[in-house]
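Undergrad: From the sequence below, what's the structure:
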Amino acid sequence: MGDKTTTAEEVVSRLASGMTLGIGGWGSRRKPMALVRALLRSGIGDLTVVSYGGPDVGMLAAAGRIRKLVSAFVTLDSIPLEPHYRAARERGGFELMEVDEGMFQSGLRAAAQRLPFLPVRAGLGSDVMRVGPELRTVTSPYADGETFVAMPALRLDAALVHVNRADRLGNGQYLGPDPYFDDLFCEAADAAYVSCEQIVDTAELTKAAAPQSLLLKRLAVAGVVEAPNGAHFTSCAPEYGRDEEFQRLYAATPWPEFAGRFLGGDEAGYRAAVEAWRKEQGR
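TA: Prediction:
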């Protein structure tokens, strides 16, 4: 239970092509974008990505790094359908397993509990079963005899999540209105890596926030990266909201042009490129 602090580059060095990678957050909210950018700077690809998708999925899909996507949606929130994801999907760039949001949660929960599946009602009577021929049903062994969807476990080789604060041991704290399912992503993974706005001493975590805000437990975390503004351009409440102007730029710019301008260097280079763009806009 020693010091788990590391860098985004070191986290990526522990990943490999062909892995199943879970990415926390929700849509364009509290995504571990600094870690995703580090992943994009690497040569890693052929990934199975499991995500309540946002620009993390859009960028990895546009860059050709995804072999298969497991998701309930891919959205930028204020822009309903992630355009770079859409373009990659329309050209057949990867395989898609699309499930209901509740089914997705149950898949993470099954993996966290080391179960092969969990029975759920979500998905019954919908086209989820039609578009997902790999899905199966299961019948209750009890007197009710009810039929359920057998949602398979979404077992992850690694998970990437972002929170507001963490300590060096791997305890992670969210301070915004929603935990999303970052804890399940970590528990469903063989190795989970957490970026945070700030690393603090353990005692500081509960001085100004309730113990219930300690979302991530150190036993489920393999590495901690301090990454101020590490969710940009997604939101990380209450630290900052979504950068709507930059998100619109991302959505409207052809991927090679966007990647060439903002993702060609390291994280410091990304921040400098964003600042240069802001000055151009008079912000």
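Undergrad: got a pLDDT number for residue 1?
TA: pLDDT for residue 1: 64.
Undergrad: For the remainder of this discussion, apply numbering that starts at 668.
TA: Done: numbering now begins at 668, and the last item shifts to residue 668.
Undergrad: Which positions within stretch 791-804 qualify as buried?
TA: 795, 799, 802 (16 or more other C-beta atoms under 10 Å). C-betas here are computed from N, CA, C, even on glycine.
Undergrad: distance of the second one from residue 818?
TA: Translated: residue 799. 10 Å (C-beta to C-beta, to the nearest Å).
Undergrad: Need the overlap of contacts for the two.
TA: Residues touching both residue 799 and residue 818 by C-beta atoms under 8 Å, 6 or more residues apart in numbering: residue 766.
Undergrad: which residue ranges form the helices in this protein?
TA: Remark: helices assigned in the chain by DSSP state H are 675-680, 700-708, 722-729, 750-757, 768-779, 795-798, 849-854, 911-919, 922-929, 934-947.
Undergrad: what are the C-alpha coordinates of the last one, in PDB please?
TA: The C-alpha trace of helix 934-947 is given here as PDB (Å, rounded to 0.1, in the frame of the first residue of the first chain):
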ATOM      1  CA  GLU A 934       0.400  17.400 -22.300                       C
ATOM      2  CA  ALA A 935       2.200  20.700 -21.800                       C
ATOM      3  CA  GLY A 936       2.100  21.200 -25.600                       C
ATOM      4  CA  TYR A 937      -1.700  20.500 -25.600                       C
ATOM      5  CA  ARG A 938      -2.200  23.200 -22.900                       C
ATOM      6  CA  ALA A 939      -0.100  25.700 -24.800                       C
ATOM      7  CA  ALA A 940      -2.000  25.000 -28.000                       C
ATOM      8  CA  VAL A 941      -5.300  25.500 -26.200                       C
ATOM      9  CA  GLU A 942      -4.100  28.800 -24.700                       C
ATOM     10  CA  ALA A 943      -2.900  29.900 -28.200                       C
ATOM     11  CA  TRP A 944      -6.400  29.100 -29.600                       C
ATOM     12  CA  ARG A 945      -8.000  31.100 -26.800                       C
ATOM     13  CA  LYS A 946      -5.900  34.100 -27.500                       C
ATOM     14  CA  GLU A 947      -7.000  33.900 -31.100                       C
END
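Undergrad: quick one, that helix and helix 911-919 angle?
TA: Orientation check (axes from the mean of the first three to the mean of the last three C-alpha atoms, to 10 degrees): helix 934-947 against helix 911-919 gives 100 degrees.
Undergrad: Which strands and helices lie in contact with helix 934-947?
TA: Using 3 or more C-beta pairs under 8 Å, 6 or more residues apart in numbering; DSSP states H and E, the elements in contact with helix 934-947 are helix 700-708, helix 911-919, helix 922-929.
Undergrad: between the helices of the chain, which has the poorest average model confidence?
TA: Between those, the lowest average pLDDT goes to helix 795-798, which shows a mean of 92.
Undergrad: what does it rub up against?
TA: By C-beta under 8 Å, 6+ apart, the residues outside helix 795-798 that reach it are 765-767, 770, 790, 802, 804, 816.
Undergrad: Check the offset of it from the chain's centre.
TA: The chain centroid and the centroid of helix 795-798 are separated by 24 Å, computed with C-alpha atoms, centre = their mean, to the nearest Å.
Undergrad: do stretch 790-800 as well
TA: 24 Å.
Undergrad: Next, the distance between the ends of it.
TA: The stretch stretch 790-800 measures 12 Å between its terminal residues, going by C-alpha to C-alpha, to the nearest Å.
Undergrad: Kindly report the same for stretch 828-841.
TA: The straight-line separation of the ends of stretch 828-841 (C-alpha to C-alpha) is 11 Å.
Undergrad: Buried residues of stretch 806-815, list them for me.
TA: Those would be residue 815, for stretch 806-815 by 16+ other C-beta under 10 Å.
Undergrad: As a check, name the ranges of all strands in the stretch 768-917 of the chain.
TA: With strands called from DSSP state E, counting those that start in this stretch, the stretch 768-917 of the chain shows them at 784-787, 803-806, 814-819, 823-833, 839-840, 856-866, 881-883, 890-893.
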